[in-house]
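Participant: Structure of the sequence below:
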Amino acid sequence: MAKLITQCPSCSSSQVFIDHVHCSECSTQFKGQFEIPALLRLAPEDIQFIVQFVKNSGSLKEMAKDLGLSYPTVRNKLNEIIDSIQAIEKNKTTDKTKILRDLELGKISAQEAAKKLAEI
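Facilitator: Numbering: from 1, shown residues only. Presented below is the predicted three-dimensional model:
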């Protein structure tokens, strides 16, 4: 099965959404706009790091041992991932602020603003 695309292959925007979900067991289908969670927007190696982190019960000491790295190196990697998640979440907040500002300035209608906010 193909991997979930979390970035537009054409323009590299991370503003992609899933619009169709299908159950292979019962063939139930869902249509709409479904947001891709912040964790899935991370780089594949960061997601693997998080999976390993959870498997190690959140122990950076065990992670360092498993990866053959020093504790500070593993801690720095975790900090980088935390920063990435915060940047993803901040971008979402920034988008909302811009939409509301455009509405306030009359650049977009209330209907357009509502539609854009629903897409976030």
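Participant: hey, let's count contacts and neighbours off CA atoms from now on
Facilitator: OK.
Participant: From residue 47, how far out is the residue nearest to residue 89 when sequence neighbours are not counted?
Facilitator: Leaving aside its sequence neighbours, residue 89 sits nearest to residue 38 (Cα to Cα, 6 or more residues apart in numbering; 7.2 Å). From residue 38 across to residue 47, the span is 11 Å (Cα to Cα, to the nearest Å).
Participant: Which parts of this protein are helices?
Facilitator: Assigned by DSSP state H, the chain shows helices spanning 44-55, 60-67, 71-104, 110-119.
Participant: buried residues in the second one?
Facilitator: By neighbour count, and taking 16 or more other Cα atoms under 10 Å as the criterion, the buried residues in helix 60-67 are 60, 62, 63, 64.
Participant: Could you do the last one as well?
Facilitator: Neighbour-count burial for helix 110-119, counted by 16+ other Cα under 10 Å, picks out residue 113.
Participant: same deal with stretch 92-109?
Facilitator: The neighbour-count check on stretch 92-109 (16+ other Cα under 10 Å) flags 96, 99, 100, 103 as buried.
Participant: Just list the residues touching the residue nearest the centre of the chain, thanks.
Facilitator: Centrality entry for the chain: nearest residue to the mean C-alpha point is residue 38, 2.2 Å, by Cα atoms, centre = their mean. By Cα atoms under 8 Å, 6 or more residues apart in numbering, residue 38 lies in contact with 85, 88, 89.
Participant: How confident was the prediction at the residue located most distally from the centre of the chain?
Facilitator: Largest separation from the mean C-alpha position in the chain: residue 106, at 30.5 Å (Cα atoms, centre = their mean). The model reports residue 106 with a pLDDT of 90.
Participant: ok, it to residue 72 distance?
Facilitator: 50 Å.
Participant: Could you list the low-confidence segments of the protein?
Facilitator: Where the chain drops to pLDDT under 70, the residues are 1, 93-94, 120.
Participant: was I right about residue 52 contacting residue 64?
Facilitator: No: counting by Cα atoms under 8 Å, residue 52 does not reach residue 64; the two are 10.8 Å apart.
Participant: quick one on the thing from earlier: among the contacts of residue 38, name the buried ones.
Facilitator: 85, 88.
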